[in-house]
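K.L.:
I need the structure of the sequence given here:
(one chain, ligands or ions: 1)
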Amino acid sequence: MLSDFSFDEMKEYARKLGLPAFRGEQIFNAIYSAKSLDEITNLPKALKDIIAQDYPNYKILKKFESKDGTQKFIIEFGDGNIVESVLMKYKYGYTVCLSTQVGCRMGCKFCASTLNGLARNLSSGEILGQLLLINRDKGGSEKNRQITNIVLMGSGEPLDNFDNVCKFIDLISSSRGLNISQRNISLSTCGLVDKIDLLAQKNYNISLTISLHATLDEKRAEVMPIANRYKISEIIDACRRYYDKTKRRIYFEYTLITGVNDSDDDAQRLSKLLKGLNAHVNIIPLNVVKERNLKGTSRLFAYQFADLLKSHGVSATVRRTMGEDIGGACGQLRNQVLKNK
Ligand code: SAH
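P.N.:
Here you go, the predicted structure:
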């Protein structure tokens, strides 16, 4: 698909079709403005016919708006697969939460995205497409970017789709793209150790976020099957290597689940694990996924847990929950449009 191409690759594509380079630039600009082929006015019909089969045909199928202003977009790809993407408004601008896979195969017990397993990976251009469509929806275009921050925290495990996610980071942070600073991009992973090492080699300026959610391997395995593959200590070691290479602070996500990871001992163990690492912990109150019967703690408890971490010298905050009423909060994205919604 043409949205997989960088600016230079697009010019090369045009050249191979025997076209002048400016045609490549026109196609590139149209894609970054999220125009459909029909809306492009500066390309001859014959050329549009030629590129039609490669031109992106993703679209916004539906939008939901939360009382808190958060918006959820259902985005459909050419093959009928859909993903959800979320737009959050902060003081400094818009943050978009993008999906990297249709579904997910990690099987975390608290997360809706994995309920139906993995359908397929998204290409770099499909990850990008979510952002381009939402940018346009907010009145933006290729020259007028409305989105400031990106979090790769939608459905899917980004490091399970490593090459396409890296290509996406290259595309979006390119000066011939929307030019979003890598510092404004967060990638969240359940902790695929070998891929964390590969990512470190890329030396991106992005923020790496680890979904830890437990301090003991047995407890982690109760809710995250990936814990049977990688030990917590191996993940933390990989984070240390990542930090040594990139000098980027590491973020940890810790969703409080009653009776699984919420004891005082957990807070103490967590602070020990993170000792000496430039780390910050985001406490996420559990969002309800109706198919699962895990219980979350109260917000008040989350603040107390964060205070406990702070008293052990760990930087910690409680994440604001956004978009819960539209199924747009952490762990609520799914690869299925719910009936009657
Ligand atoms: N697969 C990646 C990306 C998902 S990011 C990862 O595991 O990091 C979404 C974040 O929300 C992760 O930290 C995830 O663990 C967390 N999450 C998932 N389900 C949740 C739920 N029901 N309530 C709160 N947080 C949840």
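
K.L.:
Please count neighbours and contacts with C-alpha atoms only from this point.
P.N.:
Noted.

K.L.:
Surely Ile210 touches Thr255?
P.N.:
No. Counting by Cα atoms under 8 Å, Ile210 stays clear of Thr255, with 11.4 Å between them.

K.L.:
Stretch 265-279: end-to-end distance?
P.N.:
19 Å (Cα to Cα, to the nearest Å).

K.L.:
Contacts for that stretch, please.
P.N.:
The contact list for stretch 265-279, computed with Cα atoms under 8 Å, 6 or more residues apart in numbering, reads 214-215, 233, 236, 240, 243, 249-252, 305, 308-309, 312-315.

K.L.:
now do 10 Å
P.N.:
With contacts defined as Cα atoms under 10 Å, 6 or more residues apart in numbering, stretch 265-279 is touched by 209, 212-216, 232-233, 236-237, 239-240, 243-244, 247-252, 254, 260-261, 263-264, 280-281, 305-316.

K.L.:
next one: stretch 16-28
P.N.:
2-3, 5-15, 29-35, 37, 40, 42-43, 47-48, 50-51, 55, 142, 176-177.

K.L.:
Now go through the contacts of stretch 265-279 and say which are in helices.
P.N.:
232-233, 236-237, 239-240, 243-244, 264, 305-311 (DSSP state H).

K.L.:
Helix or strand next in line after the helix or strand encompassing Leu47, which one?
P.N.:
Using DSSP states H and E, Leu47 sits within helix 45-51. Toward the C-terminus, helix 45-51 is succeeded by strand 59-65 as the next helix or strand (DSSP H and E).

K.L.:
Not counting its own residues, what contacts that next one?
P.N.:
Under Cα under 10 Å, 6+ apart, the answer for strand 59-65 is 34, 36, 70-78, 82-87, 129-130, 133-134, 137, 323, 325-328, 337, 341.

K.L.:
what's the answer for stretch 293-301, then?
P.N.:
Here stretch 293-301 has contacts from 109-110, 223, 255-260, 262, 283-289, 302, 304-307, 318-321, using Cα under 10 Å, 6+ apart.

K.L.:
remind me which residues of the protein are low pLDDT?
P.N.:
336-341 (pLDDT under 70).

K.L.:
ok, back up a step: filter the contacts of stretch 16-28 down to the ones in strands?
P.N.:
Applying DSSP state E to the contacts of stretch 16-28, no entry is found in strands.

K.L.:
Now which of those would you call buried?
P.N.:
Burial by neighbour count, judged by 16 or more other Cα atoms under 10 Å, picks out 2-3, 5-7, 10-14, 29-35, 37, 40, 48, 51, 55, 142, 176-177 from the contacts of stretch 16-28.

K.L.:
re the thing from before, go ahead and build a ChimeraX selection from the buried members of the contacts of stretch 265-279.
P.N.:
Buried subset of these, written as a ChimeraX selection, criterion 16+ other Cα under 10 Å:
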select :209,212,213,214,215,216,232,236,239,240,243,248,249,250,251,252,254,260,261,280,281,305,306,307,308,309,310,312,314,315,316
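
K.L.:
Give me the nearest residue to the residue of the chain found nearest the ligand, chain neighbours excluded.
P.N.:
Taking Cα to the nearest ligand atom, the ligand has its nearest neighbour within the chain at Gly331, 2.9 Å off. Nearest residue to Gly331 in three dimensions, chain neighbours excluded: Cys111, at 4.4 Å (Cα to Cα, 6 or more residues apart in numbering).

K.L.:
Quick check: the gap between that neighbour and Gly156.
P.N.:
If you go by Cα to Cα, the gap between Cys111 and Gly156 works out to 10 Å.

K.L.:
One more: Gly103?
P.N.:
Gly103 is 6 Å from Gly156, by Cα to Cα.

K.L.:
Give the pairing partners of the longest strand along the chain; include direction for each.
P.N.:
Counting by DSSP E, the longest strand found in the chain is strand 82-90. Sheet pairing here is set by DSSP bridges, and for strand 82-90 it gives strand 71-76 (antiparallel), strand 93-97 (antiparallel).

K.L.:
hang on, the earlier thing: list buried residues within the contacts of strand 59-65.
P.N.:
34, 70-77, 82-87, 129-130, 133-134, 323, 326-328.

K.L.:
is it true that Ala112 touches Arg105?
P.N.:
No. Using Cα atoms under 10 Å, Ala112 makes no contact with Arg105, being 11.4 Å away.

K.L.:
Gly156 - that's part of a helix, no?
P.N.:
No. Counting by DSSP: H, G, I helix; E, B strand; the rest coil, Gly156 is not part of a helix but coil.

K.L.:
going forward can the numbers begin at 21, since that is how I track them
P.N.:
Done: numbering now begins at 21, and the last item shifts to Gly176.
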